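No sequence on hand, only this structure:
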């Protein structure tokens, strides 16, 4: 509530609720919740005033809720975006806003560090829904800038340029790529581009996933096998879903490696 006596705070709140715009400046620096609530309800506030208030990252959730109810918030896109990006906006306020935001503004929400994780996940879901109807160029740009989760989801395509953009995404992780390679309906072109990508094809666990994927070109499988441990190769060879050609190659390779090391099979 601040250090002022209650009566002083009440007087400030009364003034904040009705002050004309040219007298509002001092109230933006107040810390008492009751004053900030009154300020947020002031009908004289315009878009720039509410945006100025939303620059404060210490606003209580109750104040942010009042901002969302202000008549200016209802008709100003910028205020909606600022509310969605504010770290303290209540979920009941921020989540419904997401469906009104443009694709790349949703991306701004996701990339705002202090936004709660569940709000970011909801924003990602909205991004994927909107991207289905976006022009190809926007999808490629999105693939380059999106989070790893979104980039991984966008990999389910036959568009080579889009696949390349996803694989080059700096937020895409090895875990994302391995999960994608485990998809049953993944287009073969995705597997082939991962297998030929310098960033991913040199990762041990990605190579394991590529060997397991039937769409990986056999010459690449043969190239990867010598760089995999015998323990992992044996586990792969026991998988009856693997092509017989690959299982035979693994068995032959393991036998030769064990013989060279003087160990028995």
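Great, that's in hand. For clarity, every value in this text was computed on a predicted model and none was experimentally measured.

pretty sure residue 86 contacts residue 59?
Yes: here residue 86 lies in contact with residue 59, judged by Cβ atoms under 8 Å, at a distance of 7.2 Å. C-beta coordinates here come from the backbone N, C-alpha and C atoms, glycine included.

how far does the helix or strand residue 236 falls within sit from the chain's center?
Secondary structure assignment for residue 236, by DSSP states H and E: helix 230-237. The chain centroid and the centroid of helix 230-237 are separated by 34 Å, computed with Cα atoms, centre = their mean, to the nearest Å.

do stretch 118-131 as well
Centre to centre, stretch against its chain (Cα atoms, centre = their mean), the figure for stretch 118-131 is 8 Å.

Regarding this protein, what is its longest helix?
In the chain, taking DSSP state H as the definition, the longest helix is helix 244-260.

could you say what helices and strands it packs with?
helix 218-224, helix 230-237 (3 or more Cβ pairs under 8 Å, 6 or more residues apart in numbering; DSSP states H and E).

If you count neighbours, what's buried in it?
Buried residues in helix 244-260, counted by 16 or more other Cβ atoms under 10 Å: 246-247, 249-250, 253-254, 257.

show me the contacts for the closest residue to residue 157 other than its chain neighbours.
Ranked by Cβ to Cβ, 6 or more residues apart in numbering and with sequence neighbours excluded, the top spatial neighbour of residue 157 is residue 163, at 6.3 Å. Applying Cβ atoms under 8 Å, 6 or more residues apart in numbering to residue 163 gives the contacts 155, 157, 189-190, 193.

before we move on, what SS does residue 163 have?
What DSSP: H, G, I helix; E, B strand; the rest coil gives for residue 163 is helix.

my read: residue 253 touches residue 226, true?
Yes: between residue 253 and residue 226 there is a contact at 6.8 Å, judged by Cβ under 8 Å.

follow-up on the earlier one: of residue 86 and residue 59, which one has the most company?
residue 86 (23 against 20; other Cβ atoms under 10 Å).

show me the contacts for that one.
Residue 86 makes contact with 54, 57, 59, 64, 94, according to Cβ under 8 Å, 6+ apart.

swap the cut-off to 7 Å and go again
Contacts of residue 86 were listed using Cβ atoms under 7 Å, 6 or more residues apart in numbering, and they are 54, 64.
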